[in-house]
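Peer 1: The following block contains a protein sequence and its predicted model.
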Amino acid sequence: MKNRSVLVTAGIVAVGVVLGVLILIGGKPSMTTDDHGGEKAKPEHSQNGEKSHGEEPAAKGAHGGRLFAQGDFALEVTIFEQGVAPEFRVYPLDKGKPTDPAEVKLQIQLERLGAQPEMVSFRKESDFLRGERAVAEPHSFKVSVVAERRGQTYQWTYEQPEGRIRMDDPAMTSAGIALSTAGPARIRTALQLQGEIQFNQDRLAHVVPRLAGVVVKSAKNLGDPVKKGDLLAVLESPALADLKSEHLSTQTRLELARETFEREKRLWEEKISAQQDYLASRQALAEAEIVHRNVEQKLLALGLTHAALMRPGSGGGNGLTRFDIRAPIDGVVTEKHLALGEALKEDASIITIADLSTVWAEITIYPKDLGNVKLGQKVTVRASALNAEAEGRVSYVGSLIGEQTRSAKARVTLPNPERSWRPGLFVTVDLVQDETEVPVAVSVDAIQTYRDWKVVFGRFGELFEARPVKLGRSDGKWVEVVSGISPGTPYAATNSFVLKADLGKAGASHDH
């Protein structure tokens with residue numbers, strides 16, 4: 001009975017030993033996943049130029065990096081970025097213990113999407129090998145490690161993708177993402193001011209009758225287009241009748257004085273009359289001409305023509321009193337203050353005509369900005385209500401500060417062939433202070449915030465990758481990219497926030 005208990009106990013111990021050995025053999029980690037959510041490492045070790053048959057997966061090292069081993073030799077590859085620019089730090093190991101880094105000659109090649117391979121050389125520093133160049137973000141690349149030690153060569157490769165979204169063309173179209181290409185652009189540095197569209201006062205006419213009278217006809221209404229010389233209204237004016245009667249009287253006296261002068265001149269030349277009579281007739285003719293010319297100029301100043309003056313009785317019995325008011329310029333009737341039967345004074349403003357082919361954008365300038373506004377300066381005028389935009393130049397800068405507004409005025413004359421710029425419309429005016437051609441720029445809508453970076457989503461095949469960028473000048477449409485994306489790179493120009501949202505759902509990490 002006692003022997004049987006001993007045998008059972010021995011059997012249990014033996015089974016435990018076997019299980020323990022199996023656990024130790026099979027307990028090694030099969031593969032570590034990329035800390036950035038990447039693919040598994042693929043060791044390709046060789047000694048003396050021959051391929052190794054006993055490949056082992058990468059594991060975690062003592063410094064939290066990827067551990068690659070072949071035989072007794074191993075490397076722990078880390079990217080260190082605490083207080084310094086990100087850099088590779090590689091720790092060599094022999095039989096699991098640190099070994100002299102000076103014995104190892106190391107190179108790492110990085111292959112990024114859409115870029116030439118980058119080679120990183122190393123030098124010894126303390127107990128590790130330090131990369132001689134910073135590892136630019138994003139840390140998304142294929143890594144090839146080549147190490148030489150004591151005449152033996154070791155090679156490993158692994159993938160480390162980060163900030164990537166796979167999206168084919170149909171999905172991109174469905175998401176409303178449009179592509180553009182990073183490249184040169186002209187960036188304008190602008191000062192943004194507020195303004196208002198006003199009539200071009202140089203092309204505005206306030207029509208007054210110039211004679212008192214009663215309105216007997218109104219030919220145009222508000223909003224009607226008119227041409228220069230078009231009939232606007234007709235008045236009955238007694239004052240005009242008086243002037244025309246006086247004109248007829250002076251004309252008759254002038255004709256009589258001219259006949260008398262001709263007769264006296266002929267008689268004097270024939271030695272029939274005295275020279276004194278001839279001289280008296282010449283003086284009388286000159287005085288009659290002066291009086292007649294004076295009355296005629298009054299009528300011409302009212303807008304009447306010589307032809308009309310020669311036909312005083314035309315138009316029926318009211319020919320002497322009828323006064324036509326005509327348009328002085330081409331334009332549109334913007335104001336009207338008259339009605340049939342209304343008695344008007346000679347200085348009443350009855351109609352306003354505006355030529356809307358050009359308008360003024362009047363800009364409000366506060367004292368702190370006065371030094372930045374100059375004659376001839378380029379400006380861009382935008383109206384958000386109309387989604388309209390026009391370019392022009394500053395044509396006037398006021399010399400005075402308004403007592404109430406404490407601001408000065410500047411003016412831009414804008415062409416308005418479509419009549420879309422309406423007086424009274426509020427606008428935003430961008431005054432161009434500097435205009436520079438930059439080698440790389442992207443649309444402002446392409447910029448997104450990802451982690452602590454400003455990023456642009458570059459397009460590589462069916463992959464979008466968030467590329468951290470350093471930005472420069474911007475004019476509201478384009479933004480200069482100082483670094484982070486190369487000329488000629490396709491990128492998501494619109495709706496790039498969709499890609500940012502997808503990255504947020506993926507929950508990508510950034511551990512090294």
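Peer 2: Alright, I've got the coordinates. Numbering: from 1, shown residues only.
Peer 1: Can you name the residues that contact Cys386?
Peer 2: Quick fix: residue 386 reads Leu, not Cys. The neighbourhood of Leu386, defined by CB atoms under 8 Å, 6 or more residues apart in numbering, consists of 420, 425. For the C-beta atoms, the positions are set from N, CA and C on the backbone; glycine is no exception.
Peer 1: again with Arg459
Peer 2: Taking CB under 8 Å, 6+ apart as the criterion, Arg459 is in contact with 179, 489-492.
Peer 1: same check, this time on Ser443
Peer 2: If you count contacts by CB under 8 Å, 6+ apart, Ser443 has them with 180, 477-479, 493-494.
Peer 1: Between the residues you listed, which sits nearest Lys409?
Peer 2: Checking the contacts of Ser443 against Lys409 by CB to CB gives Lys477 as the nearest, at 27.6 Å.
Peer 1: so how far is Leu386 from the closest one?
Peer 2: Using CB to CB, to the nearest Å, one gets 18 Å for the distance from Lys477 to Leu386.
Peer 1: can you check Arg282 too?
Peer 2: 70 Å.
Peer 1: Just the helices from the stretch 51-200 of the chain, written as ranges.
Peer 2: Secondary structure of the stretch 51-200 of the chain, counting by DSSP state H, counting those that start in this stretch: helices at 169-174.
Peer 1: Can you list the low-confidence ranges for it?
Peer 2: In the predicted model, the stretch 51-200 of the chain carries pLDDT under 70 at residues 51-58.
Peer 1: Run through the strands of it in chain order.
Peer 2: In the stretch 51-200 of the chain, the segments counted as strands under DSSP state E, counting those that start in this stretch are 59-60, 66-70, 73-80, 87-94, 97-98, 104-111, 118-125, 128-131, 141-149, 152-160, 164-166, 179-181, 183-199.
Peer 1: tell me the most buried of the ones you listed?
Peer 2: strand 66-70 (a mean of 24; mean count of other CB atoms under 10 Å).
Peer 1: Now do that strand against strand 87-94, angle only.
Peer 2: Following axes from the mean of the first three to the mean of the last three CA atoms, to 10 degrees, one obtains 40 degrees for the angle between strand 66-70 and strand 87-94.
Peer 1: just the CA coordinates of strand 66-70, formatted as CSV?
Peer 2: This file holds the C-alpha atoms of strand 66-70, laid out as CSV (Å, rounded to 0.1, in the frame of the first residue of the first chain):
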residue,chain,number,x,y,z
ARG,A,66,11.5,46.3,-30.0
LEU,A,67,13.9,43.4,-29.3
PHE,A,68,15.4,41.5,-32.2
ALA,A,69,17.7,38.6,-31.6
GLN,A,70,19.7,36.1,-33.5
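Peer 1: So what are the sheet partners of that strand and their directions?
Peer 2: Note on strand 66-70: by DSSP bridges, its sheet partners are strand 59-60 (antiparallel), strand 73-80 (antiparallel).
Peer 1: one step back: between the contacts of Ser443, which has the most around it?
Peer 2: If you count neighbours using other CB atoms under 10 Å, the busiest of the contacts of Ser443 is Val479, which has 23 neighbours.
Peer 1: quick check, that one in a helix?
Peer 2: No - the assignment for Val479 (DSSP: H, G, I helix; E, B strand; the rest coil) gives strand, which keeps it out of a helix.
Peer 1: What's the ChimeraX line that selects buried ones from the contacts of Arg459?
Peer 2: Here is the ChimeraX command that selects only those of the contacts of Arg459 that count as buried (16 or more other CB atoms under 10 Å):
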select :489,491,492
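Peer 1: ok, so of the contacts of Arg459, who is nearest Ala171?
Peer 2: Relative to Ala171, the closest of the contacts of Arg459 is Ala492; by CB to CB it sits at 12.3 Å.
Peer 1: Show the model's pLDDT score for that closest one.
Peer 2: At Ala492, the pLDDT value in this model is 95.
Peer 1: related to what we said a few turns ago, of the contacts of Arg459, which is the nearest to Pro98?
Peer 2: Here the nearest of the contacts of Arg459 to Pro98, counting by CB to CB, is Thr489; it sits at 41.9 Å.
Peer 1: So for Lys95, what's the nearest residue that isn't a sequence neighbour?
Peer 2: The shortest distance from Lys95 to any non-neighbouring residue, by CB to CB, 6 or more residues apart in numbering, is to Asp72 (4.8 Å).
Peer 1: which parts of the lengthiest helix in the chain are buried?
Peer 2: Taking DSSP state H as the assignment, the helix of the chain that covers the most residues is helix 238-269. Of the residues in helix 238-269, 239-241, 243-244, 246-247, 250-251, 253-254, 257, 260-261, 264-265, 268 count as buried by neighbour count, 16+ other CB under 10 Å.
Peer 1: before we move on, what about stretch 386-401?
Peer 2: Those would be 390, 392, 394, 397-398, for stretch 386-401 by 16+ other CB under 10 Å.
Peer 1: and of these, the nearest to Ile108?
Peer 2: Ala390 (55.2 Å).
Peer 1: Is that closest one bridged to anything, and to what?
Peer 2: According to DSSP bridges, the partner residues bridging Ala390 are Val381.
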